[in-house]
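K.L.:
sequence isn't available, so here's the structure alone:
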């Protein structure tokens, strides 16, 4: 699945949580976050903390890989690369089941 927005991560997390039969409270427990935080993530709150998103993805056994296209590699500045990470333009996921 190609991730291009916070909404994409929110949908992925909610879908995988439901696939596991977990409640939001159970996901929060497995991730070490509050239930309110999980609710915010699933609603695609744009200010969710990245380290907690990564912890939640790990609890769900979802790998997140960043891929830079070969044609863009020589043209991407450091600032553009950081901006692309925030916009999610070069992110994809791979499920581990």
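P.N.:
On my side now, so go ahead. Keep in mind it's a predicted model, so treat the numbers as computed, not measured. Numbering: from 1, shown residues only.

K.L.:
just the helices in the chain please.
P.N.:
For the chain, helices defined by DSSP state H occupy the ranges 6-19, 24-31, 35-42, 50-59, 70-73, 78-87.

K.L.:
rank these by pLDDT, which is bottom?
P.N.:
Least confidently modelled of those is helix 70-73, at a mean of 59 by mean pLDDT.

K.L.:
skip the chain neighbours and tell me the closest residue to residue 57.
P.N.:
Leaving aside its chain neighbours, residue 57 sits nearest to residue 64 (5.8 Å; criterion: C-beta to C-beta, 6 or more residues apart in numbering). All C-beta atoms are positioned from the backbone trio N, CA, C, and that covers glycine.

K.L.:
ugh, wrong one, I meant residue 56
P.N.:
Per C-beta to C-beta, 6+ apart, closest to residue 56 is residue 31, 4.3 Å.

K.L.:
list the contacts for that neighbour?
P.N.:
Applying C-beta atoms under 8 Å, 6 or more residues apart in numbering to residue 31 gives the contacts 38, 52, 55, 56, 58, 59.

K.L.:
residue 59 is in contact with residue 28, isn't it?
P.N.:
No - counting by C-beta atoms under 8 Å, residue 59 sits too far from residue 28 to count as a contact (9.3 Å).

K.L.:
neighbours of residue 22, how many?
P.N.:
If you count neighbours by other C-beta atoms under 10 Å, residue 22 ends up with 17.

K.L.:
residues near the residue nearest to it when sequence neighbours are not counted, how many?
P.N.:
In this structure, residue 22 finds its nearest non-sequential neighbour in residue 30, 7.3 Å apart by C-beta to C-beta, 6+ apart. Around residue 30 there are 17 other residues, counting by other C-beta under 10 Å.

K.L.:
and if you look at residue 63?
P.N.:
11.
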